[in-house]
Structures are given as C-alpha cells and as structure tokens.
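Student: quick one, fold the following:
(2 chains)
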Number of protein chains: 2
Amino acid sequence: MKLQLLLLLLALLVIRVHSQSEDEKQLKAIYDKALTDGKAYDWLNHLSNQIGGRLSGSVQAQQAVDYTKRQLDSIGLDRVWLQPVMVPKWVRGTPEFAYIETKPGITTNVPITALGGSVATPDGGLKANVIEVNGFEDLKALGREQIEGKIVFYNRRMDPRMINTFHAYSGCVHQRYSGAAEAAKFGATGVIVRSLNLRLDDYPHTGAMSYGETPMEERIPAAAISTNAAELLSTTLKLNPDIKFYFKQNCKQLPDVESYNVIGEIKGSEFPNEIMVVGGHLDSWDLGDGSHDDGAGVVQSMDVLRLITANGYRPKRTLRVVLFMNEENGLRGGNKYAEVAKAKGETHVFALESDAGGFTPRGFSFDCSDENLEQIKSWKKLFEPYLIHMFVRGGSGADINPLKDDTVVLAGLRPDSQRYFVHHHAETDTFEHVNKRELELGAATMASLVYLVDKYGTILPGKVKG
Amino acid sequence: MKLQLLLLLLALLVIRVHSQSEDEKQLKAIYDKALTDGKAYDWLNHLSNQIGGRLSGSVQAQQAVDYTKRQLDSIGLDRVWLQPVMVPKWVRGTPEFAYIETKPGITTNVPITALGGSVATPDGGLKANVIEVNGFEDLKALGREQIEGKIVFYNRRMDPRMINTFHAYSGCVHQRYSGAAEAAKFGATGVIVRSLNLRLDDYPHTGAMSYGETPMEERIPAAAISTNAAELLSTTLKLNPDIKFYFKQNCKQLPDVESYNVIGEIKGSEFPNEIMVVGGHLDSWDLGDGSHDDGAGVVQSMDVLRLITANGYRPKRTLRVVLFMNEENGLRGGNKYAEVAKAKGETHVFALESDAGGFTPRGFSFDCSDENLEQIKSWKKLFEPYLIHMFVRGGSGADINPLKDDTVVLAGLRPDSQRYFVHHHAETDTFEHVNKRELELGAATMASLVYLVDKYGTILPGKVKG
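Tutor: Down below sits the predicted model:
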C-alpha cells in the first residue's frame, strides 16, 4: 500500500513536471510568434492610418467593421459573423471655438472639445461669467444664487500620486460624465470640464457625458478644455472673478443607426459549449485615430486566435474574438452581445478584454470566484519570464461586464498605465504612440492566459472542472 | 523564563510592525514627493533642450557640468565639487553621406552615421564592393580572399524574442565595437554595421567602437546604417552581389581634454565613512539630445538626494550623487572616480546607477554577496504598491563597476526595456520621448532603495551590520 502511494505520488509528479514544461513551451511559442510573426501591428496600422477615428455610426466605424471582418475571414477561423446592433450617432459638427474674455474685446483663444453626447451652444455661441468648482459638493455649497446664468468650470485635477492612473481617472470622471446634469440643476448655462489628462498640455480630451433625467429643454452644452488652458482659466479667475468665457459648438445627436459587433470563432474540440471570449472595442472617439483606445485591444484580441494555435495547439473550448461596437458612448455592443448570448442559452466560462492601451503588459485584473482566482494565481510562475506579475482582483472591461454571472471568469489586461491618460480620448491617441513590441507582448500575454484557461478549464460552481 | 521570552518576542514584533509602517510611510512620502514636487523633469528639459547632445570634450558637455553643478549647489547639499578627469575628444565633422550603387551612376542614398572612435574615409570617400556577414565566424569562413578590398557589412539583427532587450543588444554589440578591427585582419577597406535597433526605421544608431591593437595605418572607417537601409542593402546584395557601396565621413580623434565628474554629497549623520553612491553619466552621444541615455539617469540621481529627505529623513551614511563623464566612449569618469576613492581609502558600501532609460521602473539588478541580496529581497513587499517587482542578480552600471570589491553592493535600476533601443544612440533620443511620470517613478524607486540601504546598512564581510 505504501509503495502504491509512493508510485502514485511519483506519477503525479511526473505528470506535473511534464505538463509544466509543456505549458512553458507553449507560452514560449506564443510569445515568440507574437514578437516575430504577429499581425497586431499591421492591423493597427490599417485601422489607425487608413481608417482613423471610429465614432459609433460614422463611415469610419463601418469601414472598421468591414476591414476587421475581412481580416478575420482570412485567418482560417471556423466562423466569422456580424452581430447587428443599433447604436447612437452623435456628430461633432464644425470645430469648436472658445476664448477667455478678460475685458470687452480682450480675448485669449483656448482649445476645447465638445463632450460626446453634448448639445450645441446657441448658433452665436454662449458667453457668460464663470464659476470654478472642484466637484459636486461645491455646487451645493455655492447654491443657485451664485451659479445661475454662469458657466460652471469643473477643475478637479487627476491625482498624480496614484500609481495606477485609472484610480486617478475614477476620482475625476464624474465631473465629465454628469457635470452638465448636476450644474443644470442650479441654473448653469454651460459647463467647461478640465481634461482628464495627468500631463499639462494643449490637447482637450473628449469622452462620454450624460444628461440623465434632465429634460431636453434644460440641457446645457458641455465641453472639455486642455489642462494648460484650465490652469490659465483658473489663474485668470483668481485675478478677476468677473471675466467671461465664450464657447461655440454645433454637435448634435442624430437618430440611432444600425452597426455591428464583429465576431470570429474557433470551435472547441472537446467542450464546444464552453465559450471563451477575448475582445476589445472597435469604436473610438474622433479626435485621434483611436490607436490605444481601443485599436490596440481590437488587434491584440484578433491576434490571440492566431497566436494560441502556435505549435499546433487546438482549443478544447470554443474561443471567440468579439470586437464590440459603441463602448465609448452607449455600450450597446457589449449589452447586445450579452443579451443574445443569454437568449441562446450560451455558457460563457471566460471573457478577457483589452481596453487600457497598447502598453507593456503587467498582468491582469479578475472579477471571478475565489477558487478561480486561486487557480489562475497558480499559473503565475509561467508568466515570470515575460515580466507579467500582476494577478489582482478588479474590474475586467466595460464590454464584457454584461456577461457577469456566477459562472464566468471575467478578466482585463493590465498594461503599464503611466502614459495612458496622455492619449486617452485626445488627438494625441495616434499610431506613432504605440510601440510594436509593447503591443505584441500584450497580445501574447492574453493568448497565454487563454491557453491556460482552455487547457485546465475554469472551476464551475457546483461542478468538477472539465 | 517563558514569560520573558514571550515578552521579548512581542517587543521584537512591535518593533518590526512599527518599523515596517515607518518604512511604508517613508516610501510613500518619497513617491508622493517625486510625483508632485520632483525636479528631474525640469532638469532634464534644460539638459536636453537648452544644452543638447553632450559628447565628451564638447562645449555641451562642459555646459552640462556647469549646469548640474549649479543645480546641485542650489539644493542644500553639504558639499558639491568637480573631479577633474582627462577625456577623449572625438568629433564627427560634417554630416556623413552614403549610397548604394547598383550600376555606375544609378545610386540610392542611405542614412549612415560614423561610429564613435572611427577614422575618416579618404577625402573623396570610399567606394567598394560589399560582403555581408552575420558575425565574426563568417569572416573566418570567407577568408581574406573574399574580403580583401571590400566593405564588410555586419547585418546581425537583434533577436526580437528576447524579453529583456539588453540581452538582444548583448548578442550584437560586438559587431559594432570590434567589427572594424576584426574585418581589417582580412583586408577589408571599411565597415558598415546594422544599427542596434529592434525597430525598422530610418535612423542610424552610433556608439563606441575600438580598433584594439590594430596599427594606426591599418585602421578602416566604420559607420552604422539604419535598419531599413540595412534591409535594403541586404536585399540588393542578394539580387546582385557586385553592387558597390560608397560612404564618406570626416570624423577624427583629437588630443584628450580635461573634463569633470560632478559630485554632490550629504554627509552621513552616524556612519559618515560609509559611502553610498547614486549616479548616471553626464556625457551622451551627439545625434539626439541624450534624454534617455543618460540624461534621465543624471536627473533621477540628482533628485534622489532631494527625495530621500522627504519627511525630514537625514541619511546616516554619506550619500553622494556622482554624474560621471565619458561613459560612452572611454569610461574615464567611472575609472577616475574609483581610482580616487581607492587612493583616499574610502569605503563604498553601496552604488546604484540609472543608465537604462527614463522608462517605467520595474526593479533592480544586483551585483553583490548572497547575504546582501537576501536582505534586499526582504524589502520587496515595501515596493509592491509601486509595481516594482524585479530584484535579480545582474550587472549594475558601467560607471560604478570599477568600484567593485567584496564590500560594496552594486545595483542598476531596471526600467521597462521595450522602447529603449528605438532611441539609444540615435537622433530619436530626445526629450519628448521621456514621460514625466515614468521618469519620476524611477527617481522615487532609486531613492526608496537608497533609504532602505541607509537605514538598515549593508552586510559587510566579517562584520556585523551597522
């Protein structure tokens, strides 16, 4: 009996060592392929430089649907299809214009950009006094009396002390998203928001905003101002609170139009009904070309389906790439995908999104059960040669979040975040700011996790793992 | 007795917890100060944009000496001084020029740059047939017969599969450093070297070369060619091995001139004779402005002496910043510093160099005893909030390496290496490619390690630690 036990342990050890080295080999093959034969960078070059910014409902968004479908058709998947989804169509119109007026006729032009979803100013623009605030609490403290008829200037700065810059973003994004709705309650006539950028520069950063329940006739225009101009405006106000601010924008919301999620699939060889998703979002803002947000995530996700087959590996579970439409101003694609999956009774065991830029990958954040997180952490050592060290609890990605239930493991790629908010939603989000190797390392890191999840399966509640 | 033991353990635990939280606080104070009140980025702006490339012996190198001394004078150190050192003075002369000649009169211009230390071509330039090789073994295989009278074209590519790009550099740098000396042995008339760049682009990368023992009259000119042009030349040679290559450069070596290491010091309050050094090199190549190599290391090292005093901390050991002159083409500053230290009988317990670019820091490599490495690794957890995860054995820095003995702990900052060789020694090494936060995080990471080494001391051979 003792000998049997010993032999069993020995056998397990052999299997483990063998398996470990097989996994090491497969990860090496995946990274090698990404760095020597990756397609992500070429695809991104096309998306960014031949198509450009891909605002939902735009011609460019449709070109991106067509292009990525064609590319997925060409890489030998089992199935590629378009999933129709109605998306909002907001258009920026002619370039925005703004100035600070210190005395009548004495003006300084400043760079602004309309927030996505904002209404236009009156045709002749909007000129009013300005009241600077640091958040919604300030609105209450000031009251209608000091706000009515004025432009509210939200100037909360992102906290530079946060090492994860997304935490600094979280501390400020409410002023962009809900600032107009909140200011309107106190009779403000317009809203100017400091750009969510950790750097001082001259580029305004757009992004989604919502009027919430604000009735149509009470909606006020909202724009972002560059960080340098925010500093200038703040300093000018300190010298003279009576200065005026002028801005003009003629953006508008058109009726919804039809668009698509682009989906490609490798059918699982053993567990075809267990679906794994890898994805990013195909739409972007219109100021830059959307290379980091989220062209990078799109092309990395597409390449995962090529990279995982390095060394002839064939997924046991069904692996889908989903290129979501309309993450930026509606999340319609993410919601539609989850809705259809539910209606069809599909079982999603895993979903991974890349939507934090094409920078050097550091690891992943996970939204899943403790058991699954523990299993994933047991693979940490395999990632060490690639300097992947973060395996933490946290959000996954906006597009895959609607898939959340007690079965699925949701994950987000975590690239180095230091440079992200220099580019995010601004005209500086362009192809030349993506480093080929950093992008490829991200794709390989994603493919490696997908490989391990596929091989070992996830731990389903109340089931033994497959 | 048992109670006494228990109380002792409890006391130790309290000390440990207290101390841990004191260290946590101090690191937080250091990082906060770097990210909100760092001086590194402003200093680098001046070095890069007001001074520029700082080749040893140049006017700019002297300006950098003057500027950094002035800045160190202004931050309240105990002592700042210049350490004289004779340095080589190599000058590039007028811009290099080169073309591929496929037939007489049919030419394509290609970007090249003379290697540092190279001789000039003849006044009218050098035109010859080309033989492509992948390394020194190929020279032997080809023999004098196939090499004599030709230009040797070293076209070994950096291996993109290496995750640490410095390993890929190590696999190729011999062709740049010794390529001319080796080719001359077989009667070559000149040398063209593929730039040490992982990216395909149009920028040639210079760097040091040496003729070793080659007699003066047998020295042949050597230049680097951009990676795109290297691909073009290689392809052209495959189509027709008889094509000619022309290049012209009029660089030359002048007599040595006097220059300086710039040194600043905070005297240790308890162990003034235990010296800790933090440094980078002040000289750079002349093509860009030397922002990453090694302006970043210079300004980070300078700021370490400000950051460490966050929260009023006063170093127990003597802390020196040393800005070394002439790392790139001679290492005279590093050698001089070690020579003077030895002559004075100084005890260096620790030296840390930053010379791998101003990118997001990932950790350190250490050249020290096992005991010291173990002690340092026991601090790993303190660095986790800052995503610093690499504590590995490895080289430290060229300038501090001459300090090596069995007492000193040598360390090198390890930033993310993916983008380094896009910029290294090329005209693309400029200020706009340095991200302020990444630079500041590097300075804070260095200051944090210096703080811990200062507080806990290093483990000296045969001594109990101080």
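
Student: now A:Asp293: how far from chain B?
Tutor: 17 Å (C-beta to the nearest C-beta, to the nearest Å). Every residue, glycine included, has its C-beta placed from N, CA and C.

Student: what about that residue, neighbour count?
Tutor: Neighbour count for A:Asp293, taken as other C-beta atoms under 10 Å in any protein chain shown: 26.

Student: what sits against it?
Tutor: Contacts for A:Asp293 (C-beta atoms under 8 Å, 6 or more residues apart in numbering or on different chains) come out as A:284-285, A:355, A:357, A:423-425, A:429.

Student: switch to 10 Å and redo it
Tutor: A:207, A:280-281, A:283-285, A:327-328, A:355-358, A:420, A:423-426, A:429 (C-beta atoms under 10 Å, 6 or more residues apart in numbering or on different chains).

Student: model confidence at the most centrally placed residue in chain A, what's the number?
Tutor: Residue closest to the average C-alpha location in chain A (C-alpha atoms, centre = their mean): A:Asp355, at 3.5 Å. Note on A:Asp355: pLDDT of 98.

Student: residue contacts, it?
Tutor: Contacts of A:Asp355 (C-beta under 10 Å, 6+ apart): A:279-281, A:292-294, A:296-298, A:301, A:324, A:327, A:396-400, A:412-413, A:415.

Student: check A:Tyr177 too.
Tutor: Here A:Tyr177 is in contact with A:115, A:117, A:193, A:207-210, A:212, A:222 (C-beta under 10 Å, 6+ apart).

Student: how close does it sit to A:Ser396?
Tutor: For A:Tyr177, the distance to A:Ser396 (C-beta to C-beta, to the nearest Å) stands at 20 Å.

Student: re the thing from before, the contacts of A:Asp355 in helices, which ones?
Tutor: The members of the contacts of A:Asp355 that map onto helices under DSSP state H are A:296-298, A:301.

Student: and which of those is nearest B:Val87?
Tutor: Nearest to B:Val87 among the ones in helices among the contacts of A:Asp355, counting by C-beta to C-beta, is A:Ala296 at 44.2 Å.

Student: so the closest one sits right up against A:Lys436, yeah?
Tutor: No. Applying C-beta atoms under 10 Å as the test, A:Ala296 and A:Lys436 come out as separate, 11.1 Å apart.

Student: those two: which has the busier surroundings?
Tutor: A:Ala296 (31 against 22).

Student: related to what we said a few turns ago, now do the shared contacts for A:Ala296 and A:Lys436.
Tutor: A:40-41, A:44, A:358.

Student: quick check: the farthest pair among those?
Tutor: Among the shared contacts of A:Ala296 and A:Lys436, A:Tyr41 and A:Gly358 lie farthest apart (C-beta to C-beta), at 9.1 Å.

Student: what touches both of these two?
Tutor: A:296, A:299, A:431, A:434-436, A:439-440, A:443.

Student: what are the phi and psi angles of the residue of the stretch 51-200 of chain A found nearest chain B?
Tutor: Of all residues in the stretch 51-200 of chain A, the one sitting closest to chain B is A:Pro160 (4.6 Å; C-beta to the nearest C-beta). With angles defined as degrees, to the nearest 10, A:Pro160 sits at phi -70, psi -10.

Student: let me see the ranges of the strands in the stretch 151-300 of chain A.
Tutor: A:151-154, A:190-194, A:222-225, A:244-248, A:252-266, A:271-281 (DSSP state E, counting those that start in this stretch).

Student: tell me the most buried of the ones you listed?
Tutor: Comparing the strands of the stretch 151-300 of chain A by mean neighbour count (mean count of other C-beta atoms under 10 Å in any protein chain shown), strand A:222-225 comes out on top with a mean of 30.

Student: related to what we said a few turns ago, mind listing which of the shared contacts of A:Ala296 and A:Lys436 are in strands?
Tutor: Among the shared contacts of A:Ala296 and A:Lys436, no residue falls in strands (DSSP state E).

Student: the residues you listed, buried ones only, as a PyMOL selection?
Tutor: Per 16 or more other C-beta atoms under 10 Å in any protein chain shown, the buried members of the shared contacts of A:Ala296 and A:Lys436 correspond to this PyMOL selection:
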select buried, chain A and resi 40+41+44+358
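
Student: can you narrow the shared contacts of A:Ala296 and A:Lys436 down to the ones near chain B?
Tutor: Near chain B, judged by C-beta under 10 Å from any C-beta of the partner chain, there are no entries from those.

Student: need the shared contacts of A:Ala296 and A:Lys436 in JSON lines (columns: pLDDT).
Tutor: Output for these, formatted as JSON lines (pLDDT from 0 to 100):
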{"residue": "A:Ala40", "pLDDT": "98"}
{"residue": "A:Tyr41", "pLDDT": "98"}
{"residue": "A:Leu44", "pLDDT": "98"}
{"residue": "A:Gly358", "pLDDT": "98"}
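
Student: just the ones in helices from the shared contacts of A:Ala296 and A:Lys436, please.
Tutor: Residues from the shared contacts of A:Ala296 and A:Lys436 lying in helices, with DSSP H as the criterion: A:40-41, A:44.

Student: nearest to A:Arg314 among those?
Tutor: The closest of these, once distances to A:Arg314 are taken by C-beta to C-beta, is A:Ala40, at 21.6 Å.

Student: alongside chain B, which residues does the stretch 1-150 of chain A contribute?
Tutor: Counting by C-beta under 10 Å from any C-beta, the residues of the stretch 1-150 of chain A near chain B are A:28, A:31-38.

Student: out of these, which is most surrounded?
Tutor: A:Ala34 (30 neighbours).
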